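Asker: let me see the structure of the following:
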Amino acid sequence: MLSSRRSLGLATLFANLALVAGCTSVTENPNLPVGQAAYDVIPATVEAPTAYTIDPADSVSVNVFGEPDLTFDKLLVDNAGFIQMPLIGQIKAAGQTPAEVSGEIATLLGRQYLVDPQVTVSVVEAAPRYVSVEGEVNKPGVYEIDYDTTLLSAIARAESPTYTAKLSEVVIFRTINGQRMAGRFNLKDIRGGVSPDPIVKDGDIVMIGYSGKRGLWQDILKAAPIFNAFAVVSRNF
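Answerer: Residues are numbered from 1 along each chain as shown. Sure thing, here's the model as predicted:
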């Protein structure tokens, strides 16, 4: 059975996949931003680190100095973003920094139970992040990623593009502030260092387009033994 962290991440990703399922020509959409416009949507750099914001499915530790019954090495942030604490019940953790959660727990404990409680909250295990790589790759699927995984490395995890892949039509889909966004990239230019390698994020979907010309040539090659056999037979008459 999948863990709650894995279930949450995959559920989000599968919901995103449903939005593009069945769109075989989606990478050819002329309205998709390309060039710099694509990088404006899907940047090629990792955002400058700030204070970490807790996410659902993260695990945190809570230490209340001198109070072992209120100290926990690992608490799972549930899918709604809460942790459970004795005496004070539910605490909203997702969307807040560890310092903000520490302050809230200290405030609630200090109102009725403790004098000047000293509370420390830390993230001990971040929730896994996932990206889906679909289309013309050798092994389509869902892959776990790091915070700095790029488009090239995500496609490499899917065992690279197929022979019939259209490298100029690689699309990254991303949900930003509840809005579906996308950018189209040229994988050949990225590989050659002409264009930067964009960062993929949790929940992204990477779609690699299909080259009709290469597909036709593959069909011709597959049929070649039949043509050759006919030519040999015809020479016998």
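
Asker: how about the residue most central in space within the chain, secondary structure?
Answerer: Central residue of the chain (C-alpha atoms, centre = their mean): D202, 2.6 Å from the mean position. Under DSSP: H, G, I helix; E, B strand; the rest coil, the three-state class of D202 is coil.

Asker: leaving out chain neighbours, which residue sits closest to it?
Answerer: R129 (3.6 Å; C-beta to C-beta, 6 or more residues apart in numbering). C-beta coordinates here come from the backbone N, C-alpha and C atoms, glycine included.

Asker: what's the burial count for that neighbour?
Answerer: Around R129 there are 19 other residues, counting by other C-beta atoms under 10 Å.

Asker: beta partners for it?
Answerer: On the basis of DSSP bridges, R129 is bridged to I145.

Asker: would you agree it is in contact with Y147?
Answerer: Yes: the criterion here is C-beta atoms under 8 Å, and R129 meets it with Y147 at 7.2 Å.

Asker: and the contacts of stretch 189-205?
Answerer: With C-beta atoms under 8 Å, 6 or more residues apart in numbering as the test, stretch 189-205 has contacts from 9, 12-13, 16-17, 20, 38-39, 42-46, 129-132, 134, 145, 148-152, 154, 172-175, 183, 185-186, 206.

Asker: no, scratch that, I was asking about stretch 181-188
Answerer: Identification of contacts with stretch 181-188 by C-beta under 8 Å, 6+ apart yields 27, 29, 32-34, 37-42, 151-152, 155, 161, 165, 167-175, 195, 198, 208.

Asker: after the helix or strand where I155 lies comes which helix or strand?
Answerer: Per DSSP states H and E, I155 falls inside helix 151-157. Next along the chain after helix 151-157, taking DSSP H and E as the criterion, comes strand 165-176.

Asker: what residues sit buried inside the helix holding I155?
Answerer: Judged by neighbour count (16 or more other C-beta atoms under 10 Å), helix 151-157 contains these buried residues: 151, 153-155, 157.

Asker: same thing with stretch 63-80?
Answerer: Going by 16+ other C-beta under 10 Å, stretch 63-80 has these buried residues: 63-64, 67, 70, 72, 75-78.
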